[in-house]
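**Student:** sequence first, predicted model second:
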Protein chains: 2
Amino acid sequence: MYSDRIRLTDLHNKVMPASQAAALIENGMTVGMSGFTRAGEAKAVPQALADRAREQPLQITLMTGASLGNDLDKQLTEAGVLARRMPFQVDSTLRKAINEGRVMFTDQHLSETVEQLRNLQIKPVDIAVIEAVAITEQGHIVPTTSVGNSASFAILASKVIVEINLAQPMSLEGLHDIYIPTYRPTRTPIPVVACDSRIGQTAIPIDPAKIVGIVISNQPDSNSTVLPPDADTKAIADHLVAFFNQEVALGRLTPKLMPLQAGIGTIANAVMHGLIDSPFHDLTMYSEVLQDSTFDLFDAGKLSFASGSSITLSARRHAQVFGDLDRYKSRLVLRPQEISNHPEVIRRLGIIGINTALEFDLYGNVNSTHVAGTRMMNGIGGSGDFARNAHLAIFVTKSVAKGGAISSVVPMVSHVDHTEHDVDVLVTEQGLADLRGLAPRERAQVVIDNCVHPDYRPALQAYFDAACAKGGHTPHILRDALAWHINAEETGHMLAR
Amino acid sequence: MYSDRIRLTDLHNKVMPASQAAALIENGMTVGMSGFTRAGEAKAVPQALADRAREQPLQITLMTGASLGNDLDKQLTEAGVLARRMPFQVDSTLRKAINEGRVMFTDQHLSETVEQLRNLQIKPVDIAVIEAVAITEQGHIVPTTSVGNSASFAILASKVIVEINLAQPMSLEGLHDIYIPTYRPTRTPIPVVACDSRIGQTAIPIDPAKIVGIVISNQPDSNSTVLPPDADTKAIADHLVAFFNQEVALGRLTPKLMPLQAGIGTIANAVMHGLIDSPFHDLTMYSEVLQDSTFDLFDAGKLSFASGSSITLSARRHAQVFGDLDRYKSRLVLRPQEISNHPEVIRRLGIIGINTALEFDLYGNVNSTHVAGTRMMNGIGGSGDFARNAHLAIFVTKSVAKGGAISSVVPMVSHVDHTEHDVDVLVTEQGLADLRGLAPRERAQVVIDNCVHPDYRPALQAYFDAACAKGGHTPHILRDALAWHINAEETGHMLAR
C-alpha cells in the first residue's frame, strides 16, 4: 500500500479519505497549507473542506506559501470558508471578496509570515496540510513542486495532514533543501553563500506522531497562465539587456551578471527569455518561482544553477520537465520561501531583482498591489523582500494599460509598495530609467524622457514643471497629484478627454 | 609633535594647515567626510573649504555618514560648496536649498551608501576627510565619536585627509569595531551574533601612503539638541512600556526584551528614558546613535551593553561621559553604519526598532521625511534599515503639531517611507495601535480608536466610513484622501474650519 510513498510503516493506518481528514479542521482554526505560485498546494483536503462547508458552514484563517492552483481559493471563497487569508493570492473570486471586505487579507512580505509565527506575533497554526511525494522512513515529509512555508507550518503545528499526491513524480525527492533559522537570541548566520549552497535536509523533519491523517490524491498542479512574449515585453527585455551590457562595460557587472530573481508573470518571464539571445553566460538564479524561462535558459546553455521555492510551468513545459527531471536536478534546489526571500541572503549574494509594477511615479515610487489605491490585485509577494536588498532593484511594466486609457507612469502613485529609496531601475517598452544616485527632480526628468508613453508625456512634463515652480525636494501639487486616477475612475481615461 | 596622536613618524611631515588640506579638494570632486548625527565630523577642513569657496567658487558632492554638527552644512551651503549631498542632513539652511532645488539631495537608507560605492553604482569618492583621535603605528586611523561611513570612505578613496582633533579624548581608542563585508560574489556572513560581538579592528586599516594631509584641530562636537521629556512624550513612553509588559505576559518577549534601537530625537530619547522606571532589566541596544538615554540607562543599572555608530550627547552629559569614558567603555562598541544598520544583523538579532514618524495614515503607512509630500525635513536615515527587518517596527509621534492645526494621523500620508507591510506598532500620546496580522480595514479602526487626537477623530472616522461604503481592500476616496494636507497648505489648519 504505497510503501514507496509512505515508508514509515507505522503510518499506514493513518491513510484516510479526504473528507475524514477535512473533518479534523474545526471552525475558527488557523490552517497552514502548502502551495506557492500554483505549485505543490494541498488539493484533496481543501476541496473536501469546501464541500463540507457547503453543507455545514465553517470559517478558518488560511495561510499558505503564496497563491494556490486548481481554483482552490475560488472554491473556498464560494463556500464561505475564508474568514482571513494570508500572505498572497491571485484568484479573481477571492480578490472580489477581499475588496468587498468579506475576507480579511493580510498582504505580507513572503519572507515574514513564518518569522511572525515563530515569534508568536500572529495566531498560531492549529493544523498543517502539506502535499508530499513521500513520507520517509523517519516520518519526514518530502514536499512536491514547492516548499513555500510548508516546513515551518508542519514544524510549528501540533497536527499535520499529509497529502501524498501520486501525480507528482518521485524524482522530486532530493530536490529540496529544508533549513529553518535557529531561534533568537542565539540565531546564527544562514550559511547560504552561493545559489547552489545546500545547507539543510531533503525532507521536513517532524515528529511522525503529529501526522494525524494521510490522504492519497492524484491531481496535477495547474499550469501557469503566463502569456508568450509580445512586442512590448520583447522591447522591455531588449532595454534591460542593453543596460546590462552597459553595466558590464562599466565594470559594474561581469558577463555572468549576478544571481537573477524574476517575479511571477508574463513580463518578468519574457525578460528572462530575453537573456537567451544575450551575450551573458554562466547565469545563476536565486529566485522565488522557477518558470518556463528558467528551463529555456538551461536548455540554451545560458544558466548554470537555479534556486527557488517552487516550479510553475506551462502545459508546454510541464510534462517535458517533470518527465525528465533528472536532466535538470543537479542544477536545481527548492528552498523554504523564508530562505529564498531572506534579506540576509539577498543582500549577501547581490541579487538582480526584476519585478512587475502596476504603476510607478515620477519619483520612483512603485505600486505593485492596488488599483486606484483601493482595490487589491494579488499582493506584494516577494517583490519587497528582493527590491529592498537587491544589488539592482528593477521594476518593469508596459507604459499603458486598457488600450491606452491608463498610464502606468503617473504623477503620484495611489499606493506605495516600494519607496523611492528602494527602486534603482524602471523599464517600460518605451525605455529604461536608471535612478541610482539621483535626487527626486533628476529622477523625474529621466522617467519622463525614457518611460512614459508619448500620449502621456506632455501631460506628465506639464505636471512636473508646474510642481517644480511651486518648489520642494519632491515637487508635487497635491490638488492634482491623484487627478489621473480620479479621471480614470470617473471617465474611464486618465486624461479625461 | 603629537607623537601620541600620530604614531607613525613617517607621517609627521604631512601635518599642514586646514587651508592647505582644503586646497587638495578640487572643483567637481566627490568628497567623503566623517560625521554621523553631529558626532565625529571633520571640522577644520570643511570650514576652510567654505572659506575658500567664498573667495573662489567651487562645488562638490558631499557624502557623510549622516548629519554634521558645528553648522558645517550651513556654512557649506551658504558658501555655495554643495552641488550634491547624501545620504542625510538636519540643517535648516541646507534644507531650504534642497527644497528650492539648489542642492541635489539623495535621501538614502544609511546602510546602503557604501554598498553602492563599493559596487561602483554611484560616483566614487575622490578624497576622504576623516576626524581621528590618532593614527596608529601602522598608519591606521582611529575614529572619534562616530564611525559612520568613515572606514569605507577612507578605504575606497585614493587620497585621505586626517583631522586629528585634540578635543576628542584618547580614551576613545579601543571603542571602535571596524569590519567591512567581503566583496561579492564571495561574500561571507557578517559574524555579529549579539550586540557585544566584536568582529573587526579598532582602527581603519589603510595604506598610510594614501594620507595626503594631516590637520590638527581642537573643536568639540556640537551638543545634541534633544529636548527633555514632556507630558506627551512621557505618555508615549508609558504606552510602550505597557505594551512591552503585555508582550512579556504573552510569552513573546522576556523581561530583557530584545536589542533596542531608537532613532535620534526628542521622542525616541524620551521613550528610552521611560525604560528607567520599567520592570525590564539586562537590556541591550543595537542602534545607530547612542544618546543621553543610553547612559542614563547604564547609570540606572538597566542596560548591559550598547552598540551604535556614534555617541551624541547633551551639554549636561557630554563632559561627564567623555571625561570618564572608562566607566562605560567595556559595555560599548561603535561600528560602521553599514554594520549597525545591516539588514542581515537586524533580522538575526530581532531588534525592537523605535523611530519617529512625521505622520502616519489609517492603514499604517508612515511618512518620515516630507512635509505635505513635497518639502524635505531631514531624510529617512536608518529608520528603513531597522523597520523592514525588525522584530517590532514601532513608530512614535505626537498626535498633533502646530498647536493642533496639523494632525499626525491622516487619511492618506502625503509621502511613504515605510509601507503598510513594514509597520507593526504606532504610538501617540493618545495610545498605541498594534497592527500585526491585521487587514487594512481592521488597522484603520485600531488607529482611529487609539492614536488620533480627539479633535480629529470624528473627521477621520467619517472619512473611513465613507471610504468603506465605496469599497476596496484599502478603502479610500481619492478626491478627499489628501484634502487635509491641502487644507493645511491653503488655510493653515487641516480641517479648514
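**Tutor:** Cool, the structure landed. Residues are numbered from 1 along each chain as shown, chains lettered A, B, ... in the order given.

**Student:** contacting residues for A:Glu338?
**Tutor:** Listed by C-beta atoms under 8 Å, 6 or more residues apart in numbering or on different chains, the contact set of A:Glu338 reads A:111, A:114-115, A:149, A:152, A:180-181. From N, CA and C alone the C-beta is placed, and that goes for glycine too.

**Student:** hmm, I typed the wrong one, I wanted A:Ile180.
**Tutor:** Counting by C-beta under 8 Å, 6+ apart, A:Ile180 has contacts A:151-152, A:155, A:200, A:336, A:338.

**Student:** can you do 10 Å?
**Tutor:** A:114, A:118, A:151-152, A:155-156, A:190, A:200-201, A:204-205, A:336, A:338-339 (C-beta atoms under 10 Å, 6 or more residues apart in numbering or on different chains).

**Student:** is chain B within reach of stretch A:138-149?
**Tutor:** No - judged by C-beta under 10 Å from any C-beta of the partner chain, stretch A:138-149 makes no contact with chain B; its nearest approach is 14.9 Å.

**Student:** so how far does that stretch reach from one end to the other?
**Tutor:** End-to-end distance for stretch A:138-149: 21 Å, by C-alpha to C-alpha, to the nearest Å.

**Student:** quick one: it to chain centroid distance?
**Tutor:** Counting by C-alpha atoms, centre = their mean, to the nearest Å, stretch A:138-149 is centred 18 Å from the centre of its parent chain.

**Student:** what of stretch A:180-192?
**Tutor:** The answer for stretch A:180-192 is 24 Å, by C-alpha atoms, centre = their mean.

**Student:** again with stretch A:256-276
**Tutor:** In terms of C-alpha atoms, centre = their mean, the centre of stretch A:256-276 is set 14 Å apart from its chain centre.

**Student:** in it, what counts as buried?
**Tutor:** By 16 or more other C-beta atoms under 10 Å in any protein chain shown, the buried positions in stretch A:256-276 come out as A:257-276.

**Student:** so which of the residues you listed also contact chain B?
**Tutor:** Of these, the ones that also sit near chain B (C-beta under 10 Å from any C-beta) are A:258-259.

**Student:** circling back to that earlier point, filter the contacts of A:Ile180 down to the buried ones and hand me the ChimeraX line.
**Tutor:** Here is the ChimeraX command that selects the buried residues among those (16+ other C-beta under 10 Å):
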select /A:114,118,151,152,155,156,190,200,201,204,205,336,338,339
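
**Student:** which one of the contacts of A:Glu338 is nearest A:Ser330?
**Tutor:** The closest of the contacts of A:Glu338 to A:Ser330 turns out to be A:Ile180 (C-beta to C-beta; 24.3 Å).

**Student:** tell me the pLDDT at the closest one?
**Tutor:** A:Ile180 is assigned a predicted lDDT (pLDDT) of 97.

**Student:** same deal with the one 4 residues further on?
**Tutor:** Per-residue confidence (pLDDT) for A:Arg184: 93.

**Student:** so it touches B:Ala390, yeah?
**Tutor:** No - using C-beta atoms under 10 Å as the test, A:Arg184 is too far from B:Ala390 to be in contact (11.9 Å).

**Student:** common neighbours of these two, please.
**Tutor:** What both A:Arg184 and B:Ala390 touch, as defined by C-beta under 10 Å, 6+ apart, is the set B:258-259, B:347, B:349-350.

**Student:** what is the worst-scoring helix or strand of chain A on mean pLDDT packed up against?
**Tutor:** When each helix and strand of chain A is scored by mean pLDDT, DSSP states H and E, helix A:266-273 comes last, with a mean of 90. If you count contacts as 3 or more C-beta pairs under 10 Å, 6 or more residues apart in numbering or on different chains; DSSP states H and E, helix A:266-273 packs onto helix A:231-249, strand A:260-262, strand A:289-290, helix A:292-299, strand A:352-356, strand A:392-396, strand A:425-428.

**Student:** what residues does the stretch 251-400 of chain A put near chain B?
**Tutor:** Applying C-beta under 10 Å from any C-beta, we find that the stretch 251-400 of chain A lies next to chain B at A:251-254, A:256, A:258-259, A:284, A:342-350, A:363, A:365, A:369-377, A:379-380, A:384-385, A:388-389, A:391-392.

**Student:** hmm, try it at 7 Å
**Tutor:** Taking C-beta under 7 Å from any C-beta of the partner chain as the criterion, the stretch 251-400 of chain A approaches chain B at residues A:251-252, A:343-344, A:347-350, A:365, A:370, A:372-376, A:380, A:384, A:388-389, A:391.

**Student:** now the closest residue to chain B within the stretch 101-250 of chain A: phi and psi?
**Tutor:** Closest residue of the stretch 101-250 of chain A to chain B, C-beta to the nearest C-beta: A:Pro189 (3.3 Å). Per-residue torsions, A:Pro189: phi -60, psi 150 (degrees, to the nearest 10).

**Student:** wait, it touches B:Arg187, no?
**Tutor:** No - contact criterion C-beta atoms under 7 Å: A:Pro189 and B:Arg187 do not qualify, at 11.4 Å.

**Student:** of these two, who's got more company?
**Tutor:** For A:Pro189 versus B:Arg187, neighbours defined as other C-beta atoms under 10 Å in any protein chain shown are more numerous around A:Pro189 (20 against 15).

**Student:** distance of that one from A:Leu358?
**Tutor:** Distance, A:Pro189 to A:Leu358, by C-beta to C-beta, to the nearest Å: 35 Å.

**Student:** likewise A:Phe305?
**Tutor:** In this view, A:Phe305 and A:Leu358 are 31 Å apart by C-beta to C-beta.

**Student:** of the two, who's got more company?
**Tutor:** A:Leu358 (21 against 18).

**Student:** any idea of the pLDDT on that one?
**Tutor:** On pLDDT, A:Leu358 comes in at 97.

**Student:** nearest spatial neighbour of it, skipping sequence neighbours?
**Tutor:** A:Asn367 (5.0 Å; C-beta to C-beta, 6 or more residues apart in numbering or on different chains).

**Student:** what residues of stretch A:463-474 count as buried?
**Tutor:** With burial defined by 16+ other C-beta under 10 Å, the residues of stretch A:463-474 counted as buried are A:463-464, A:467, A:472-474.

**Student:** ok, it near chain B or not?
**Tutor:** Yes - using C-beta under 7 Å from any C-beta, stretch A:463-474 reaches chain B at A:468, A:471-474.

**Student:** ok, which of the helices and strands packed on helix A:266-273 comes nearest B:Asn165?
**Tutor:** strand A:392-396 (38.5 Å).

**Student:** phi first, then psi, for A:Arg375.
**Tutor:** Taking degrees, to the nearest 10 as the convention, A:Arg375 sits at phi -100, psi 120.

**Student:** distance check, it against B:Leu435.
**Tutor:** Per C-beta to C-beta, A:Arg375 is found 21 Å from B:Leu435.

**Student:** just to revisit the earlier point, in helices, which of the residues of the stretch 251-400 of chain A next to chain B appear?
**Tutor:** Within these, residues falling in helices by DSSP state H are A:343-344, A:347-349, A:384, A:388-389.
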